[in-house]
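Visitor: Give me a 3D structure for the following:
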Amino acid sequence: MTEDIFQGYKGDALEVLKKYQVRVWGTTKVDTTRGTFEGTVLPRSENDDDQHIVIKIITGYNIGIDIKTITGMIETGYKKANYKIPEKQFPFTPGLPKVKLFGTGGTIASRLDYRTGAVIPAFSPGELYGAVPELADICNLDTEKVFAVFSENMGPKQYMALAKAIGKEIENGVDGIVVGHGTDTLHHTGAALTFMCQNLPVPVVLVGSQRSSDRPSSDAALNLMHAMKAAGQSDIAEVMVCMFGPTSDEYGLLHKGTRVRKMHSSYRSTFRTIGDTPLASISRKEINLIKTDYNKRRSDREVKILPYFSNEVTMLYYYPGMKPDTLDALVDAGYKGVIIVGTGLGHVNKELYPAIERAYAKGVHMYMTLQTIWGYVHMFVYDTGRDMMAKGIIPAGNMLPEVAWVKLSWILGQTDDPVKVKEMMLTPINDEITHREPYNGYLVYQGGVPDVDDFVKRVHK
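Guide: Modelled structure (predicted):
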């Protein structure tokens, strides 16, 4: 048997495949001391060890089998898999709204790379239609891949390029825009586009997926359908994030770009509106408004594109015992703005006071946000807060830390005047600061409590 049929396997694992004459992509029955497994042998990552054989079982999930447990293997069939989805020309249907899809990368536009075992941004937007033909029933779709990066590699350069591309498409008469994006920093981009794309006449919907398209539990297809419907048919002309509501596939939620946050590393229902309620729920059949106060869709093409961003802003997450040299180092490195993520109502220890004074004397713009995520900064309650305000730190209301970082970066890309910066920071553009949080804007339940367990059994997690 030639080496090219053992893709990625080496050492002991390679010898086991040779012994039983089993090929990569072979449908195989594997007898082990832990039971019998059946599935397709997959290529092995070149970075992995030589002690496991990986198979994709009938459920679609991949498992690794320790070769020391294998007592026998039989290849029952062979068919080399093709993980590339062919691109298809999107059909035009008179009467359906025109939606533009910008592809940036991320899990919603990705496939599994069996060379490294990692999910890579490899699907083009055209391939998305090949994977989700139902999109043709929702809108007339035009696609453009503007980036091919995971969301951790999105940043100011991409934010500004996206804002300009959005402005151009609006001028061209599009009815809505969808941005396919990795989920890890999707809420950062949502905030950035909210500030950079103001007075929108059409919806701009950011969408991602928690699980890649090759997994049976992938949320990619349904999230895309929901996002396309929101962009083409919703009356909400704002920057929104569209992701699963519950972990089931019943409906999605539309979150305002400045009040949303990723709250779980793997749940499909990871995105939550913080300190408020979502704008709407959405399914393939309907859009149900939750809020009635929002920027409405218009027929004109007027939009304000403000693609500004400074790279001289950072966040400082306070922890007990933090030393003043931490802040001093940031100032010495040339940062002109610092978002402090403080404890409680917005506090840090008194040991930082000299560093705060030095930063203020050098013209550094400092704003306080909260580690608690929910709630408002109230620095006038205790003397610690009052002292910090006297030393130049400005409370940022209930602005989320990431949103405050994005907004200050956006502002310092336009002006360094402290009076103007403060005025812009504390003047809400789209609910990044709200006058109050509704009673149902903070819901965190703890399992194990009888009344909560009864509630969870009746609803969805």
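Visitor: in which helix or strand would I find residue 22?
Guide: Residue 22 belongs to no helix or strand when assigned by DSSP states H and E.
Visitor: doesn't residue 40 make contact with it?
Guide: No - counting by CB atoms under 8 Å, residue 40 is not a contact partner of residue 22; they are 10.6 Å apart. For the C-beta atoms, the positions are set from N, CA and C on the backbone; glycine is no exception.
Visitor: Those two: which has the busier surroundings?
Guide: Each of residue 22 and residue 40 has its neighbours counted (other CB atoms under 10 Å); residue 22 has more, 24 against 20.
Visitor: quick one: contacts for the more buried one?
Guide: 28, 41, 73-75 (CB atoms under 8 Å, 6 or more residues apart in numbering).
Visitor: Okay, strands next: where are they in the stretch 351-461 of the chain?
Guide: With DSSP state E, counting those that start in this stretch as the criterion, the stretch 351-461 of the chain has strands at 365-370, 393-395.
Visitor: Remind me what the shortest one packs against, helices and strands.
Guide: Just to be clear, that refers to strand 393-395. strand 365-370, helix 418-426 (3 or more CB pairs under 8 Å, 6 or more residues apart in numbering; DSSP states H and E).
Visitor: Can you lay out the contacts of residue 22 as JSON lines showing pLDDT, secondary structure and neighbour count?
Guide: Shown next, in JSON lines, are those (pLDDT from 0 to 100; DSSP: H, G, I helix; E, B strand; the rest coil; neighbours: other CB atoms under 10 Å):
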{"residue": "28", "pLDDT": "95", "secondary structure": "strand", "neighbour count": "23"}
{"residue": "41", "pLDDT": "90", "secondary structure": "strand", "neighbour count": "26"}
{"residue": "73", "pLDDT": "96", "secondary structure": "strand", "neighbour count": "23"}
{"residue": "74", "pLDDT": "96", "secondary structure": "strand", "neighbour count": "14"}
{"residue": "75", "pLDDT": "95", "secondary structure": "strand", "neighbour count": "16"}
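Visitor: which one among the residues you listed gets closest to residue 356?
Guide: Closest approach between the contacts of residue 22 and residue 356, by CB to CB: residue 41, at 59.9 Å.
Visitor: my guess is that closest one contacts residue 21, does it?
Guide: No - taking contacts as CB under 8 Å, residue 41 lies outside contact range of residue 21: 11.8 Å.
Visitor: Of the strands of the stretch 351-461 of the chain, which is nearest residue 405?
Guide: strand 365-370 (8.6 Å).
Visitor: and the gap between the closest residue to residue 73 other than its chain neighbours and residue 41?
Guide: What sits nearest to residue 73 in space, not counting adjacent residues and going by CB to CB, 6 or more residues apart in numbering, is residue 20, at 3.8 Å. According to CB to CB, to the nearest Å, residue 20 and residue 41 sit 10 Å apart.
Visitor: And residue 150, by the same measure?
Guide: On the measure of CB to CB, residue 150 and residue 41 end up 28 Å apart.
Visitor: Also residue 56?
Guide: 8 Å.
Visitor: Ok, residue 309 next?
Guide: With CB to CB as the criterion, residue 309 and residue 41 are 48 Å apart.
Visitor: ok, now residue 169?
Guide: 45 Å.
Visitor: ditto for residue 408
Guide: In this view, residue 408 and residue 41 are 52 Å apart by CB to CB.
Visitor: Helices along the chain, start to end?
Guide: 11-20, 125-131, 156-171, 186-196, 220-233, 324-332, 353-361, 383-390, 401-412, 418-426, 450-458 (DSSP state H).
Visitor: From the chain's centroid, how far away is the first one?
Guide: Looking back up the chat, that one is helix 11-20. 41 Å (CA atoms, centre = their mean, to the nearest Å).
Visitor: Please work out which residues outside that helix touch it.
Guide: By CB under 8 Å, 6+ apart, helix 11-20 touches 1, 6, 9, 23-24, 41, 44, 49-53, 67, 70, 72-75.
Visitor: Stretch 370-390 too?
Guide: 261, 274-275, 317-318, 341-348, 350, 353, 356, 368-369, 393, 395-398, 400-401, 437, 441-442.
Visitor: Mind checking which of those residues are buried?
Guide: Neighbour-count burial (16 or more other CB atoms under 10 Å) is assigned, among the contacts of stretch 370-390, to 261, 274-275, 318, 341-342, 345-348, 353, 356, 368-369, 393, 395-398, 400-401, 437, 441.
Visitor: Give me the distance from stretch 68-77 to the chain's centre.
Guide: The answer for stretch 68-77 is 40 Å, by CA atoms, centre = their mean.
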